[in-house]
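Colleague: Model the following, please.
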Amino acid sequence: MLRGERKDEGGQRFKASRLSPGNLIFPTVIEVTSKHVTRIKPSWVTCTEESISIRQVSSVTVKKGILWADITIHSSGGTSPLLSSGHTNADAEAIKDLIESYQNKAFQTGTTQEGELKQCPECAEWIKIAAVRCRFCGCRIEQAQEEGLPEETWRMR
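Modeller: Here you go, the predicted structure:
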């Protein structure tokens, strides 16, 4: 898979340059999905994969050089940070921005997955599919839908 190419699960992969130190034969790959950040380091016989849940990422440090950037993805869960070097400066910023966007979405909606959300029929805010009551307006969703009531009577029944 190429740098920045989309995968089936909606993530992106960023491959370090082969011209950077430590990546000549087997370049490091950082994969960012809505659920986790994974560092993939292949070798002759094995492949090491380390991952941190998006919710456990505490910060992302990008140290830019003239050509390459070093990325450190810190965890709030007590695990070692994910370290990767040899990414272009643009890729390093894209990784950081992508992680931050997934974290912001998780903070605002309580989930990182679009398939886990539905819109409240009353206030149109995004809520979890299993929600019985909207956390924004208090609308009782399942009761209103089961009774077949018009949308204007759903609020605070």
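Colleague: State the distance from the most centrally placed residue in the chain to Y102.
Modeller: Geometric centre of the chain, nearest residue: S34, 3.0 Å, by CA atoms, centre = their mean. Taking CB to CB, to the nearest Å as the measure, S34 falls 5 Å from Y102. C-beta coordinates here come from the backbone N, C-alpha and C atoms, glycine included.
Colleague: Are we agreed that Q108 is in a strand?
Modeller: No: the assignment for Q108 (DSSP: H, G, I helix; E, B strand; the rest coil) gives helix, which keeps it out of a strand.
Colleague: burial measure for it, as a count.
Modeller: 10 (other CB atoms under 10 Å).
Colleague: And for K63?
Modeller: 11.
Colleague: how about the strands in the protein?
Modeller: For the chain, the strands defined by DSSP state E cover 12-15, 29-32, 36-42, 47-53, 57-64, 68-75, 82-88, 117-119, 126-128.
Colleague: Quick check: the gap between A69 and F14.
Modeller: According to CB to CB, A69 and F14 sit 11 Å apart.
Colleague: which residues are common contacts for these two?
Modeller: 87, 91 (CB atoms under 8 Å, 6 or more residues apart in numbering).
Colleague: Of the strands of the chain, flag the one that's most buried.
Modeller: strand 29-32 (a mean of 22; mean count of other CB atoms under 10 Å).
Colleague: Listing partners with orientation, what would you give for that one?
Modeller: Paired neighbours of strand 29-32 in the sheet (DSSP bridges): strand 12-15 (antiparallel), strand 36-42 (antiparallel).
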